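**Student:** what follows is a predicted protein model with its sequence.
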Amino acid sequence: MGDRLLNSLKLERERLGLTQAALAEAVGVSRKTINTVENGVFLPSTLLALKLARALDRPVEKLFQLND
């Protein structure tokens, strides 16, 4: 299986003028966690993905996509 999870987290965060630190605070994680998710190093849990979608006012499907 060569599936990979892509994300538009950085684009959506910047669209709202948020820093990584501000988004991290809004969802209750560290800035480093936001950085590693944006860079595809860390796959977010379902709970974190939903919190990010809520904080960025976007559906989860807009933030995360499968590259298949």
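**Tutor:** That came through fine. Fair warning: this is a prediction, and the values are worked out from it, not measured in the lab.
**Student:** quick check: Asp68 touching Asp3?
**Tutor:** Yes - using CB atoms under 8 Å, Asp68 is in contact with Asp3, at 5.3 Å. Every residue, glycine included, has its C-beta placed from N, CA and C.
**Student:** in the protein, which residue is most central in space?
**Tutor:** For the chain, the residue sitting closest to the mean C-alpha position, by CA atoms, centre = their mean, is Leu9 at 4.2 Å.
**Student:** hmm, that one is touching Leu63, no?
**Tutor:** Yes - using CB under 8 Å, Leu9 is in contact with Leu63, at 5.8 Å.
**Student:** and for those two, which residues touch both?
**Tutor:** Listed as contacting both Leu9 and Leu63 by CB atoms under 8 Å, 6 or more residues apart in numbering are 52, 56.
**Student:** ok, then the element right after the longest helix anywhere in the chain?
**Tutor:** Counting residues, the longest helix found in the chain (DSSP state H) is helix 46-55. Heading C-terminal from helix 46-55, the first helix or strand you meet, by DSSP states H and E, is helix 60-63.
**Student:** returning to what we had before: now the residue nearest to the centre of the chain. Nearest residue, chain neighbours left out?
**Tutor:** Glu38 (4.9 Å; CB to CB, 6 or more residues apart in numbering).
**Student:** burial count for the one you found?
**Tutor:** Glu38 has 17 neighbours, counted by other CB atoms under 10 Å.
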